[in-house]
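1. Structure of the sequence below:
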Amino acid sequence: MESQELPYVLVDCIGGRLGVYEDHLGFLKKRFHLITMKEYLENKTFLSKKIRAIYVWYHKPAINEELLQSLNNLKVVASAGVGIDHLDLKLLSSYGVKVSNTPFVVSTDTADMGMALMLASSRRLVEGHEMAVSPDTEYFPVDWLGAEVSGATLGIVGMGKIGYKVAERAKAFEMKILYHNRNQRKKEEESAVGAIYCKKIDDLLQQSDFVLLAATLTPQTHKLIGKRELELMKPTATLINISRGKVQNKQNCIKVWWHDKSWENLQL
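-> Numbering: from 1, shown residues only. Below you'll find the model as predicted:
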């Protein structure tokens, strides 16, 4: 009896700068028959009937109506990573195609990166490194140490899994933690990290030394932070975004920084 044929899955490419990692191939090929876009285009008539899924890696392959029309038996688009704003969900739904992602796979790493960005920006680590390796540096000024993180006020916008993990880390720095979220966390969860709920985002912005964005991108959070919100923040505050880029209105953020030199710590 012949073994059952593996499902055919379309990928953009394998290896290289943006292709599926070669060390992932062992796992994937045990379960799927991988077809690259190049292979698909060279044998479209045969493969268009075989492909059941598309594996999106680094936002590739781009999924448009032309591709969907050619894949009559497509059932699933599986996107690596959390965000799905690179996919046209309405279009996919109209073809009866389901979408999957990996919402919690990098939560811990993203929280670590949030703390790293806070420390690097406050303690001017990038500038310090450049000064340290420069052959022109003769001394390191002692008044050039940046701002303290320990004991400062951190405002977290979006207290989901990642935001809460940031709060756990910030507690070790004895930070005062404020948070704004669609729903208030349970009292025992707040107590565990010493977090205080701000029903209004304006209250959080006005009090925080660091504002960290960890909100999910939705129609309600799209361009959540712009000119008005930046002007509510302290002139010395730092804004750190570890959520999707579109949570910030970047053009407005740049304008505020450009016209008000007190916003030199703005992280874009």
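2. So Thr216 sits against Met159, correct?
-> No - with contact defined as CB atoms under 8 Å, Thr216 and Met159 do not form a contacting pair (11.1 Å). No exception for glycine: its C-beta is placed from N, CA and C like everyone else's.
3. Show me which of those two is the more surrounded one.
-> Met159 (26 against 17; other CB atoms under 10 Å).
4. Helix or strand: which one has that one?
-> Under DSSP states H and E, no helix or strand contains Met159.
5. residue contacts, it?
-> With CB atoms under 8 Å, 6 or more residues apart in numbering as the criterion, the residues that contact Met159 are 167, 179-181, 185, 195, 214.
6. make it 7 Å
-> With contact set as CB atoms under 7 Å, 6 or more residues apart in numbering, Met159 has these partners: 179, 181, 185.
7. For those residues, which entry has the maximal number of neighbours?
-> Tyr179 (25 neighbours).
8. So which residues of this protein form helices?
-> Taking DSSP state H as the test, the helices found in the chain are 25-31, 37-42, 44-50, 65-70, 89-94, 107-122, 125-133, 161-171, 187-193, 201-207, 227-232, 250-259.
9. Would you mind giving the contacts of Met159 as JSON lines with distance to Leu154 and pLDDT added?
-> Written out in JSON lines, the entries for those read as follows (distance: CB to CB, whole Å; pLDDT from 0 to 100):
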{"residue": "Tyr179", "distance to Leu154": "9", "pLDDT": "98"}
{"residue": "Asn181", "distance to Leu154": "14", "pLDDT": "95"}
{"residue": "Arg185", "distance to Leu154": "15", "pLDDT": "96"}
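10. Okay, and which of the residues you listed map to strands?
-> Assignment to strands by DSSP state E places the following of the contacts of Met159 there: Tyr179.
11. Which member of the contacts of Met159 is positioned nearest Ile242?
-> Minimum separation from Ile242 among the contacts of Met159 (CB to CB) is found for Tyr179, which lies at 14.2 Å.
12. Show the contacting residues for the closest one.
-> Tyr179 makes contact with 156, 159, 163, 167, 195, 197-198, according to CB under 7 Å, 6+ apart.
13. and which of those is nearest to Leu87?
-> Proximity of these to Leu87 was ranked by CB to CB; the top entry is Gly163 with 23.8 Å.
14. unless I'm mixing things up, that closest one is touching Ile156, no?
-> Yes - here Gly163 reaches Ile156: they are 4.7 Å apart, a contact under CB atoms under 7 Å.
15. Could you pull out the residues contacting both of those two?
-> Contacts common to Gly163 and Ile156, judged by CB under 7 Å, 6+ apart, are 179, 214.
16. Val9: how many residues sit nearby?
-> Using other CB under 10 Å, Val9 has 19 other residues around it.
17. One more: Ser243?
-> Here the number of neighbours of Ser243 (other CB under 10 Å) works out to 26.
18. residue contacts, it?
-> Residues in contact with Ser243, defined by CB under 7 Å, 6+ apart, are 158, 213-215, 217.
19. Taking the residues you listed together, which two end up most distant?
-> Within the contacts of Ser243 (distances taken as CB to CB), the two that end up farthest apart are Ala214 and Leu217, at 11.1 Å.
20. So if I had to pick from the two, which one is more boxed in?
-> When Ala214 and Leu217 are compared for neighbours, Ala214 comes out ahead with 27 against 18, by other CB under 10 Å.
21. these two touch, right, the more buried one and Ile242?
-> Yes - Ala214 sits in contact with Ile242 when judged by CB under 7 Å, with a separation of 5.7 Å.
22. need the contact list for Gln248.
-> Applying CB under 7 Å, 6+ apart, one finds that Gln248 lies in contact with 225, 241.
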